[in-house]
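K.L.:
next come a sequence and a model predicted from it.
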Protein chains: 2
Amino acid sequence: MNDATPKPEKSDGTVGRTLAVLDRVAEFGRPVRFAELLPVCDLPKATLYRFLQTLTNQGMLAFDEDRQTYRPGLRLVRLAHAAWAQSSLAPIAAPYLDQLSKETGQTLHLAQLDQGMVLYVDKRNASRPVEMFSQSGKVGPAYCTGVGKAMLAYLPEDALQNALTRQSFHRFTEHTLTDATSLRAELENIRKRGFAWDDEEHEPGIRCIAAPILSPQGRVLGALSITSGQPDGQKQLETYAPLILETAEKIAKAASDWRFPEQKRAD
Amino acid sequence: MNDATPKPEKSDGTVGRTLAVLDRVAEFGRPVRFAELLPVCDLPKATLYRFLQTLTNQGMLAFDEDRQTYRPGLRLVRLAHAAWAQSSLAPIAAPYLDQLSKETGQTLHLAQLDQGMVLYVDKRNASRPVEMFSQSGKVGPAYCTGVGKAMLAYLPEDALQNALTRQSFHRFTEHTLTDATSLRAELENIRKRGFAWDDEEHEPGIRCIAAPILSPQGRVLGALSITSGQPDGQKQLETYAPLILETAEKIAKAASDWRFPEQKRAD
DNA sequence: GATTTTAGTTTCAAATATTGGAACCATGTT
DNA sequence: AACATGGTTCCAATATTTGAAACTAAAATC
């Protein structure tokens, strides 16, 4: 949970404050009541009330009359379709993921960085599925996932700094790196190696190998991972190293051929 | 109070106007330049400029420095995940779609109404069974799709009226119904029959059978369709009628068991 | 069933952010 | 060099937002 904005970004006036409320609602992950929102929004009652009305009118939120709860609205799904198609690597990477999925039969994830967090933008399920965490649109921590570390490792210093300050370093498992220093050491290893491991750092029993997707200019576009839920995962995954690096390379190439825009910051 | 606001819509102040710009950007379906947006947004140059900056700051838009274009931002994907999980029928319906997919081997669509349009919230492909965001989030016309007509048929008169006024009745194929009168007649048939046909009304060669998903109170929650691209489609699809109705029923049941909220308006 | 509490809604004058015409700057074109 | 075109900045006028407080409805408690 990402509370108490110390002074991170400018509030962008009414619009920014209103959109912040939208985030608060989405964070709950379930329909919320006015009174639950009030303490986390840091707004006067009347103001929050007005914002919620506006968002509801706009279809950004849906309001349930019966239980008096708010939840994110369908308009977001419509808008996100456009975002996914245009701002994500997913459409470009799809054929390569299909290919890799066929070759490995494993679970694959394609992710990008958003606000210092890992945003999963596509996924391929293993032929023998492993029950786990992610889906498209879902977010996860950057410091303890393969894709997250792969991306952090190649961020320019200022963006990395920025991203690190947003992490809260929760210890998910006994392998989780819980401070910036050990994470930085790990990132150094990743750069030497060219790819990242997640050795049960986020979920027990779940390991993965992840490669960054870098633009020709070396900018971080995203990352790709192959996951294993098996005990001998690491050894098995190791054999995929050349394959995943090659695939990441191909995606990067395709992205720049498709003239995928360089982003100002991938933080 | 709640009296079917016949008035167009309130602009919801700055926030509403800013979000309208977001829609305009999304509608382009490709990165857009400032100058392209200016004519379609009906705003003074300086104002549009400010709105775009705000949205970009907020991550609702992404700006490509190189080509000076705006496109929907990844924040939307994050928000939409929450919307999809909470405001759509998809999570509840998923197991039933899986089952139906297995039983029929056909392409399935799950849709809901948003702003008088069909919003697809889930899909099963005939070939590649589990796919997500790629189609989810897409919108289509209500008056010439199976799912659209199935939902319109069970809307209360005021909501139907509202939805109809938003249609532009473009003739997609020679079978497309192009006016409200013939559509209303068709809706009457659908109510008698209990399900809807799309007989190449939207795309040539594409037929489908669709059933509405109705809450116990008879409110329209969504619709479900089975599609065929084969010449003898209709006959084949007809055999699925009992199955699709049964599945729609099960989804409706599951939705109300899960205490899926009644919506104020399903328009 | 009366009373208090909690949750949600409305009001309105004051405070402030928004507005947008116009000037400006940067690039590319004739 | 003059002229477009596309994008950015300024700033005074003004419409919009703001939020304390009053209010109402519905529960919870007495």
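P.N.:
Alright, I've got the coordinates. Numbering: from 1, shown residues only, chains lettered A, B, ... in the order given.
K.L.:
what's the burial count for the residue of the stretch 101-250 of chain A found nearest DNA strand D?
P.N.:
The stretch 101-250 of chain A approaches DNA strand D most closely through residue A:219 (20.3 Å), counting by Cβ to the nearest atom of the strand. The C-beta positions use only the backbone N, C-alpha and C, and glycine is treated the same way. Residue A:219 sits with 18 neighbouring residues when counted by other Cβ atoms under 10 Å in any protein chain shown.
K.L.:
okay, domains of chain A per the record?
P.N.:
Under the assignment automatic domain parsing, the domains of chain A span A:13-77, A:88-257.
K.L.:
turn those domains into a markdown table, columns for distance to residue B:51.
P.N.:
Shown next, in a markdown table, are the domains of chain A (distance: least, Cβ to Cβ, whole Å):
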| stretch | distance to residue B:51 |
| --- | --- |
| domain A:13-77 | 8 |
| domain A:88-257 | 21 |
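K.L.:
need phi/psi at the residue of the stretch 101-250 of chain A closest to DNA strand D.
P.N.:
When read as degrees, to the nearest 10, the backbone of residue A:219 gives phi -80, psi 150.
K.L.:
what score does it have for pLDDT?
P.N.:
Looking at residue A:219, its pLDDT is 89.
K.L.:
make TSV from the domains of chain A and add distance to DNA strand C to it.
P.N.:
Formatted as TSV, these follow (distance: least, Cβ to the nearest atom of the strand, whole Å):
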stretch	distance to DNA strand C
domain A:13-77	2
domain A:88-257	19
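K.L.:
between those, which one is nearest to residue B:69?
P.N.:
domain A:88-257 (15.6 Å; Cβ to Cβ).
K.L.:
any chance you could map the helices in the stretch 151-267 of chain A?
P.N.:
All helices of the stretch 151-267 of chain A, identified by DSSP state H, counting those that start in this stretch, fall at A:157-166, A:180-193, A:233-238, A:241-257.
K.L.:
weakest of those helices in terms of mean pLDDT?
P.N.:
helix A:233-238 - the lowest mean pLDDT of the helices of the stretch 151-267 of chain A, at a mean of 84.
K.L.:
who does that one touch, helix- and strand-wise?
P.N.:
On a contact count with 3 or more Cβ pairs under 8 Å, 6 or more residues apart in numbering or on different chains; DSSP states H and E, helix A:233-238 meets strand A:196-199, strand A:207-214, strand A:220-228.
K.L.:
any chance of these in JSON lines, plus mean neighbour count?
P.N.:
Formatted as JSON lines, the helices and strands packed on helix A:233-238 follow (neighbours: other Cβ atoms under 10 Å in any protein chain shown):
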{"stretch": "strand A:196-199", "mean neighbour count": "22"}
{"stretch": "strand A:207-214", "mean neighbour count": "27"}
{"stretch": "strand A:220-228", "mean neighbour count": "27"}
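K.L.:
tell me which of those sits nearest to residue B:119.
P.N.:
Per Cβ to Cβ, nearest to residue B:119 of these: strand A:220-228, 27.0 Å.
K.L.:
now for the closest one, which elements pack on it?
P.N.:
Identification of packing neighbours for strand A:220-228 by 3+ Cβ pairs under 8 Å, 6+ apart yields helix A:90-104, strand A:107-114, helix A:146-153, strand A:207-214, helix A:233-238, helix A:241-257.
K.L.:
winner for burial among those?
P.N.:
Most buried of these by mean neighbour count (mean count of other Cβ atoms under 10 Å in any protein chain shown) is helix A:146-153; its value is a mean of 29.
K.L.:
quick one: check it for contact with chain B.
P.N.:
No: Helix A:146-153 stays clear of chain B (Cβ under 8 Å from any Cβ of the partner chain), getting no nearer than 13.2 Å.
K.L.:
so where's the stretch 1-150 of chain A shaky on pLDDT?
P.N.:
A:1-11, A:127-135 (pLDDT under 70).
K.L.:
quick one, helices of it?
P.N.:
Using DSSP H, counting those that start in this stretch, helices in the stretch 1-150 of chain A cover A:13-28, A:34-41, A:45-57, A:74-87, A:90-104, A:146-153.
K.L.:
and the angle for the fourth one with helix A:90-104?
P.N.:
Spelled out, it's helix A:74-87. 80 degrees (axes from the mean of the first three to the mean of the last three Cα atoms, to 10 degrees).
K.L.:
what angle sits between helix A:74-87 and helix A:13-28?
P.N.:
100 degrees.
K.L.:
helix A:74-87 near chain B at all?
P.N.:
Yes: using Cβ under 8 Å from any Cβ, helix A:74-87 comes into contact with chain B via A:74-87.
K.L.:
pull out the buried residues from those.
P.N.:
Buried residues within the residues of helix A:74-87 next to chain B, defined by neighbour count using 16 or more other Cβ atoms under 10 Å in any protein chain shown: A:74-87.
K.L.:
show me the contacts for the spatially closest residue to residue A:165 that is not a sequence neighbour.
P.N.:
In space, and not counting its chain neighbours, residue A:165 is closest to residue A:116: 8.0 Å by Cβ to Cβ, 6 or more residues apart in numbering or on different chains. For residue A:116, the contacting residues are A:142, A:162-167, A:267, by Cβ atoms under 8 Å, 6 or more residues apart in numbering or on different chains.
K.L.:
tabulate the buried ones among the residues of helix A:74-87 next to chain B (CSV), appending distance to DNA strand D.
P.N.:
What follows is those, written out as CSV (distance: Cβ to the nearest atom of the strand, whole Å):
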residue, distance to DNA strand D
A:74, 23
A:75, 18
A:76, 21
A:77, 25
A:78, 23
A:79, 20
A:80, 25
A:81, 25
A:82, 20
A:83, 20
A:84, 24
A:85, 22
A:86, 17
A:87, 18
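K.L.:
which single one of these is nearest to residue B:190?
P.N.:
Among these, and counting by Cβ to Cβ, the member closest to residue B:190 is residue A:74, at 23.0 Å.
K.L.:
now do the closest one against residue B:116, distance only.
P.N.:
Remark: distance between residue A:74 and residue B:116 (Cβ to Cβ, to the nearest Å) = 12 Å.
K.L.:
ditto for residue A:58
P.N.:
15 Å.
K.L.:
contacting residues around residue A:56?
P.N.:
By Cβ under 8 Å, 6+ apart, the contact set of residue A:56 is A:62-63, A:70, A:73.
K.L.:
just these: which are in strands?
P.N.:
Counting by DSSP state E, the part of the contacts of residue A:56 found in strands is A:62-63, A:70.
K.L.:
top of these by number of neighbours, please.
P.N.:
In terms of neighbours by other Cβ under 10 Å, the ones in strands among the contacts of residue A:56 top out with residue A:70 at 25 neighbours.
K.L.:
my guess is residue A:124 contacts residue A:105. True?
P.N.:
No: using Cβ atoms under 8 Å, residue A:124 is not in contact with residue A:105, being 9.7 Å away.
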